[in-house]
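Undergrad: got a sequence here, can you model it:
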Amino acid sequence: MLRRCALIAALLLVVGPASARADWLFTPNIGLAFGGDAHDKNLTYGATIGWMGAGIIGFEGDFSYSTDFFEGSQGGVDFLDSDNVTSLMGNIVLGIPVGGQTGGGIRPYASGGVGWLRTKVSSEDDIFNASNDDFGFNLGAGLYIFATDHVGFRGDLRYYRSFQDPEPDNEFDIGLGTLDFWRGTAGVTFRW
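TA: Next up, the predicted model:
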């Protein structure tokens with residue numbers, strides 16, 4: 001009897017419905033940083049790697065690098081040789097897979113999280129050289145469009161803002177910092 005039950009259980013596992021699937025997603029991207037402290041529409045590029053469960057929740061790591069971020073911000077005079085903003089964020093993602101998780105389909109999503117923002121500025125003659133590391137946050141939304149099981153496209157719009165300690169005392173306080181900007185990107189997504 002025990003053999004018969006084990007054989008039936010094994011058979012049900014093989015022919016039963018497939019378990020819900022999770023997706024790993026990797027998206028190299030390119031776009032623009034704009035608004036807030038960004039002087040103009042500046043080139044930004046990076047990559048995102050994330051995991052979406054079979055339901056609607058997941059997580060992602062997002063890296064971006066924005067070039068010529070502050071350039072010309074002093075009355076239109078360009079005295080900077082190099083200036084950039086780098087971000088590394090860990091985000092929670094909420095998305096709904098419309099059309100399933102295989103084949104073609106779309107997945108609108110919203111995400112937000114916290115991480116690291118680094119600004120770096122240097123003058124042409126290296127007379128002035130400064131960098132600043134801050135904690136910050138980002139909030140955004142976007143859309144995945146999948147053409148096949150493994151390849152799709154992603155468009156994304158995010159807002160970034162730094163944190164700061166509003167009062168220089170020994171207590172742990174967090175307030176909004178002065179660095180803020182928007183980032184819009186697009187990229188090819190690989191799903192496995």
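Undergrad: only C-alpha atoms for contact and neighbour calcs from this point on.
TA: Will do.
Undergrad: residues contacting residue 154?
TA: Taking CA atoms under 8 Å, 6 or more residues apart in numbering, we find residue 154 in contact with 27, 142, 143, 144, 145, 186, 187, 188, 189.
Undergrad: which of those residues fall within strands?
TA: Here DSSP state E is the test, and the contacts of residue 154 give 27, 142, 143, 144, 145, 186, 187, 188, 189 as lying in strands.
Undergrad: may I see the residues you listed organised as JSON lines, with pLDDT and neighbour count added?
TA: Formatted as JSON lines, those follow (pLDDT from 0 to 100; neighbours: other CA atoms under 10 Å):
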{"residue": "27", "pLDDT": "98", "neighbour count": "21"}
{"residue": "142", "pLDDT": "97", "neighbour count": "18"}
{"residue": "143", "pLDDT": "97", "neighbour count": "18"}
{"residue": "144", "pLDDT": "95", "neighbour count": "21"}
{"residue": "145", "pLDDT": "95", "neighbour count": "19"}
{"residue": "186", "pLDDT": "98", "neighbour count": "20"}
{"residue": "187", "pLDDT": "98", "neighbour count": "21"}
{"residue": "188", "pLDDT": "98", "neighbour count": "18"}
{"residue": "189", "pLDDT": "96", "neighbour count": "23"}
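Undergrad: pick the one among those residues closest to residue 163.
TA: residue 142 (24.0 Å; CA to CA).
Undergrad: okay, and the beta partners of that closest one?
TA: residue 109, residue 156 (DSSP bridges).
Undergrad: roughly how far does it sit from residue 101?
TA: 17 Å (CA to CA, to the nearest Å).
Undergrad: re the thing from before, just the ones in strands among the contacts of residue 154 now: which is nearest residue 69?
TA: residue 186 (19.1 Å).
Undergrad: excluding chain neighbours, what is closest to the closest one?
TA: residue 155 (4.4 Å; CA to CA, 6 or more residues apart in numbering).
Undergrad: so the one you found sits against residue 144, correct?
TA: Yes: counting by CA atoms under 8 Å, residue 155 touches residue 144, with 6.8 Å between them.
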